[in-house]
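Asker: how would this look folded up:
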Amino acid sequence: MISQFFVLSQRGDNIVFRDYRGEVPKGSAEIFFRKVKFWKNDDGEEAPPVFNVDGVNYLHVKVAGLLFVATTRINVSPALVLELLQRIARVIKDYLGILNEDSLRKNFVLVYELLDEVIDFGYPQNTSTEVLKSFIFNEPIVVDAGRGPSLSPAAMFMQGSKRMPGTAVTKSVVANEPGGRKREEVFVDVIEKISVTFSASGYILTSEIDGTIQMKSYLTGNPEIRLALNEDLSIGRSGHSSYDYSSSSGAGMVILDDCNFHESVRLDNFDLDRTLTLVPPDGEFPVMNFRMTQEFKPPFHVNALIEEAGSLKAEVMLKVRADFSSTISANTVALHMPLPKHTTRVSFDLESGAVGQTTDFKEGNKMLEWGLRKIVGGSEHTLRAKLSFSQETNMNITKESGPVSMTFTIPMYSASRLQVRYLQIVKKSRTYNPYRWVRYVTQANSYVVRI
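Answerer: Below you'll find the predicted structure:
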């Protein structure tokens, strides 16, 4: 099905390379990287996940700063190959503990052993971490987690006053702790990606949440786990809104449009008390995927305004307000706003006392960028910018500008208000009491404000 598989660093270095069928030239990795590096269209977008060069199809995903690539000359299903690449990345991370260039180089023997079991002559065989343990005999070389990015977005969250252990999602499923002992613990991450489109007057035009409940277990003996969700959870549209916008964790029915579960999940009591029962396999896996289009309170409200300020000049004002509890903070917040095509210079004016904020104007694609390292719930921030144009324009500058797009990550916040009530592990003995961690994160998938 696929001819080659390789992994490239951000510099284009070939870290892993496997040629399964000999149908594609050996220099394909260099051809791919040059194409991706210099792929810039009029919108300044990056290379698409699938493209063709000289009769060779290149399919790739970017995971933890690394490029996982497959090549083929035949007409394969892109979705299937992209899913295969994601699963290969997940399996490698399960075995190495952390996925980065250093860990791949130090464990290249183990990585090639995994690839030989996962793919045979270009055809996928098995991507189950648990099944592969029977065929993999090399031990991973542990790499310091601080030297590279974690694959999981929930690696450094806070729970109350406790910080998650630094090794939370950077441990191998096969390696033991120093001293030969294995720390008994299980991690559950409720990850939500929200898509919201606002009109120019601030009304919500579309809103949707795509979520997943991820689990990673380090429990010996694979004991049975019971995971309980909101008792008032409802599946299927009911045609009405029953949300109380007072908080992200207050009372009120949670209505999901649809959901699906991992094959290991038993739903015997789900209709009765919304409890999922499962025996977790090794590695990280999605317990449940869900989608919600019912009304929910957006975490941010953004005001964007652009108006003329004399000949060949204009002013822009961006204001962002965090509509969540002051005990919660959003990280890595960034706003992007396309400006009129004749814009030549932009001067920025940040609010007094601004800390951890950055501004930039990308002249190549006429993009205004505003970055905020941290936004505390309930706070409001404003950016003013003065634009200079190279020539008069007959177009309305409002029509030439925008929309404003926003990206962010909010730890310990659930936009859908889906919650894990309890995480129960069937005890093997009275003294068996493993660590249990439940974490939440909300991220922007497509957060757009029209001007």
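Asker: show me what contacts the residue nearest to Val420 when sequence neighbours are not counted?
Answerer: Excluding its sequence neighbours, the residue lying closest to Val420 (CB to CB, 6 or more residues apart in numbering) is Val438, at 4.8 Å. Where C-beta positions appear, they are placed from N, C-alpha and C, glycine not excepted. By CB atoms under 8 Å, 6 or more residues apart in numbering, Val438 lies in contact with Gln159, Val188, Val190, Val420, Leu423.
Asker: tell me the least confident of the residues you listed?
Answerer: Least confident entry in these, by pLDDT: Gln159, with 36.
Asker: What are the buried residues along stretch 411-425?
Answerer: By 16 or more other CB atoms under 10 Å, the buried positions in stretch 411-425 come out as Pro411, Met412, Tyr413, Ser414, Ala415, Ser416, Arg417, Leu418, Gln419, Val420, Leu423, Ile425.
Asker: Same check on stretch 327-345?
Answerer: Ile328, Ser329, Ala330, Val333, Leu335, His336, Met337, Pro338, Leu339, Pro340, His342, Thr343.
Asker: Which strands border the one helix or strand Met337 maps to, and is each parallel or antiparallel?
Answerer: Taking DSSP states H and E as the criterion, Met337 maps to strand 329-338. Sheet pairing for strand 329-338, assigned by DSSP bridges, gives strand 367-376 (antiparallel), strand 404-411 (antiparallel).
Asker: do you know which of those lies nearest Pro298?
Answerer: Closest to Pro298 of the strands paired with strand 329-338 is strand 404-411 (CB to CB; 10.1 Å).
Asker: re earlier: and the helix or strand just after the strand holding Met337, how far out from the chain middle?
Answerer: Sequence order places strand 343-350 as the next helix or strand after strand 329-338, per DSSP H and E. What separates the centre of strand 343-350 from the centre of its chain is 31 Å, taken as CA atoms, centre = their mean, to the nearest Å.
Asker: Now for Ile119, how many residues are close by?
Answerer: Neighbours of Ile119 under the rule other CB atoms under 10 Å: 21.
Asker: For it, list each beta-bridge partner.
Answerer: Beta bridges link Ile119 to Pro124, judged by DSSP bridges.
Asker: circling back to that earlier point, please identify which helix or strand holds the residue nearest to Val420.
Answerer: Following DSSP H and E, one finds Val438 within strand 435-449.
Asker: In contact with the residue of the chain positioned farthest from its centre, which residues?
Answerer: What lies farthest from the middle of the chain is Ser311; by CA atoms, centre = their mean that is 43.7 Å. Contacts of Ser311 were listed using CB under 8 Å, 6+ apart, and they are Glu392.
Asker: Then Phe348?
Answerer: Counting by CB under 8 Å, 6+ apart, Phe348 makes contact with Thr359, Leu383, Arg384, Ala385.
Asker: For the residues you listed, work out which two are farthest apart.
Answerer: The distance between the two most remote of those (CB to CB) is 10.3 Å, for Thr359 and Arg384.
Asker: Counting neighbours, what do you get for Val61?
Answerer: 18.
Asker: residues in contact with it?
Answerer: By CB under 8 Å, 6+ apart, Val61 lies in contact with Pro49, Leu67, Phe68, Leu82, Leu85, Gln86, Ala89.
Asker: Assign the fifth one to helix, strand or coil.
Answerer: Same thing as Leu85. The three-state assignment at Leu85 reads helix, by DSSP: H, G, I helix; E, B strand; the rest coil.
Asker: Would you enumerate the residues in contact with the nearest residue to Phe270 once chain neighbours are set aside?
Answerer: Counting by CB to CB, 6+ apart, Phe270 lies nearest to Leu276, which is 6.4 Å off, once chain neighbours are set aside. By CB under 8 Å, 6+ apart, the residues touching Leu276 are Arg226, Leu227, Ala228, Leu229, Phe261, Val265, Arg266, Leu267, Phe270, Val287, Met288.
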